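Peer 1: A predicted structure for the sequence below; I have some questions about it.
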Amino acid sequence: MRATGARPRKLQRANASLCLAKPRGRRTCQSPRMAAQTSSRTPLVTPGFEAMQRQFEALHNDGEELGSALCIYLGGLKVVDLWGGYARIDRQTMWAGDTRVSTFSACKPMTALCLLHLVDRGLADLDDPVVTHWPNFARGDGTAKAAVTLRHVLSHRAGLPVVKASRPGDVFHWDRMVAALEEAPLLWPAGSRLAYHAVTFGHLVGELVRRISGLLPSAYFDQHIARPLALDYGLRFQSEMAGRTADTEIGLALPRLQAWMMSSVIPRLGGWKAQYFRPCGTQYQPNSAAWRGAEIPAVSGFGTAEGLARFYAMLAGGGGFGNKRVLSAAMVDQMAQDSPEACQEMATGTTARVGLGVFFNHGPLADFGPNPRSFGHCGMGGSVGFVDPDRGIGFGYVCNRDQRRKPKSAPFIGDRGLRLIWALYQSLDRIDRVAVKGL
């Protein structure tokens, strides 16, 4: 799964002078020198990728962003590293190169990788029944749940996209959420349907990680993935990082009311789809103390764009980055080859291609450019990360303003992420043409 796409014969590095917009139309140029005062890194745009900077700046100048960051690796080399805007809703703190932010569901592949890492170590098998490692999983609906495998859980085919037995707020309490999953009956036989496990995914995969390794997913990820790769990313909020963690602009009163409606009112209306956010409660947003004090590995990841891009650069490199290897090439190849045909995703009614904890490129749920072999994940707020295994790309984009998807917008990731992705591939096409002319 190495990079095989055409690349320029020599990539030259160049620092970027990042011009961003302030409110009310004022422009300010954040030079590398200014950026270095708040971060150990300076902005970077490698020659040939100037269109990425222009598109990134345009999103800020057009008022689409509060704060955001973009990082791209190509063949193991960092070619773009940009950030700008504000880390705080009060606009008193500038976004820095090391600013972390909630990435919502963009953390699901990291959670999945913890379980895949255990499989890679020979401590489990993808076709093991869940009850082999978690006997109480089948406490309710025992016969049906005995057929659920690790592969089903990773691929959103376990039949537990919702937990009707849960109560508002359970998602913030590991034992309560796990107990609710143990009691819950399957909605349909394992493997028979694809339904995005938006909230339950993290606790299903996470409890398997805990049962097999003795560690919660955040600790396992930190020990076996983040530290070896020097990823600036974690599966839960880390209090020691509070000073460089951005707020997420989601409003105040309205989201709290919406959260109450979705967890306490809508579930009473009946129908399984109405149960999606039953366990979430009114604090289900990344600025709350409840969210920041809990482990919800379906959504509670915080990190930088550079950390997100480096994670996918590792996958582009066949399980290694630099001189560190965290997965075997065989496991990464299995992730890349397990790319099913598109089928209906039950929650949205659209079609999707879902593999081992990742979505393969197929709009509207996963729009990752032109290569159908690309895979990754997006988050509700607009953050997105993916790998293009053929071009050797690791892509990471994070932001702290909800994507505010337009009514006629096709991509689930929102127009901002999509604009950056297509600017990347347009840059690569131009680089390829120049390289061919130079032969």
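Peer 2: Sure, I can see it.
Peer 1: Let me know the next secondary structure element after the helix or strand bottoming out on mean pLDDT in the chain.
Peer 2: Least confident helix or strand of the chain, by mean pLDDT, DSSP states H and E, is helix 32-36 with a mean of 32. As assigned by DSSP states H and E, the chain's next helix or strand after helix 32-36 is strand 44-45.
Peer 1: Pull the very next helix or strand once past that following strand out as CSV, backbone CA atoms only.
Peer 2: Once the chain leaves strand 44-45, the next helix or strand it forms, by DSSP H and E, is helix 50-61. Provided in CSV are the C-alpha atoms of helix 50-61 (Å, rounded to 0.1, in the frame of the first residue of the first chain):
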residue,chain,number,x,y,z
GLU,A,50,-0.2,27.2,-3.7
ALA,A,51,-3.8,26.6,-4.7
MET,A,52,-4.3,24.9,-1.4
GLN,A,53,-3.3,28.1,0.4
ARG,A,54,-5.5,30.2,-1.8
GLN,A,55,-8.5,28.0,-1.1
PHE,A,56,-7.8,27.9,2.6
GLU,A,57,-7.5,31.6,2.8
ALA,A,58,-10.7,32.0,0.8
LEU,A,59,-12.7,30.1,3.3
HIS,A,60,-11.6,32.5,6.0
ASN,A,61,-11.9,35.6,3.9
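Peer 1: Please tell me how far helix 50-61 is from the chain's geometric centre.
Peer 2: Averaging C-alpha positions (CA atoms, centre = their mean, to the nearest Å) puts helix 50-61 22 Å from its chain's average.
Peer 1: Repeat that for stretch 377-386.
Peer 2: 5 Å.
Peer 1: try stretch 352-364
Peer 2: In terms of CA atoms, centre = their mean, the centre of stretch 352-364 is found 12 Å from the chain centre.
Peer 1: Show the end-to-end separation of it, please.
Peer 2: 8 Å (CA to CA, to the nearest Å).
Peer 1: mean confidence score for it?
Peer 2: Averaging pLDDT along stretch 352-364 gives 95.
Peer 1: how about that stretch: buried residues?
Peer 2: 352-362, 364 (16 or more other CB atoms under 10 Å). To be clear about C-beta, it is placed using only N, CA and C from the backbone, and glycine gets the same treatment.
Peer 1: Also stretch 222-232?
Peer 2: For stretch 222-232, a neighbour-count test (16+ other CB under 10 Å) marks 222, 224-226, 228-229, 231-232 as buried.
Peer 1: and those, which of them are in helices?
Peer 2: Secondary structure from DSSP state H places 228-229 of the buried residues of stretch 222-232 in helices.
Peer 1: Switch the buried residues of stretch 222-232 over to a markdown table; also include pLDDT and distance to residue 270.
Peer 2: Listed next are the buried residues of stretch 222-232 as a markdown table, based on pLDDT from 0 to 100; distance: CB to CB, whole Å:
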| residue | pLDDT | distance to residue 270 |
| --- | --- | --- |
| 222 | 98 | 41 |
| 224 | 98 | 43 |
| 225 | 98 | 41 |
| 226 | 98 | 42 |
| 228 | 98 | 48 |
| 229 | 98 | 46 |
| 231 | 97 | 43 |
| 232 | 98 | 44 |
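Peer 1: now, the most widely separated pair of the buried residues of stretch 222-232?
Peer 2: Pairwise distances across the buried residues of stretch 222-232 peak at 16.2 Å for 224 and 232 (criterion: CB to CB).
Peer 1: For residue 124, give me its contacts.
Peer 2: If a contact means CB atoms under 8 Å, 6 or more residues apart in numbering, then residue 124 has 115, 118, 132-133, 150, 208, 212 as its contacts.
Peer 1: what about it, which SS state?
Peer 2: For residue 124, the assignment made with DSSP: H, G, I helix; E, B strand; the rest coil gives coil.
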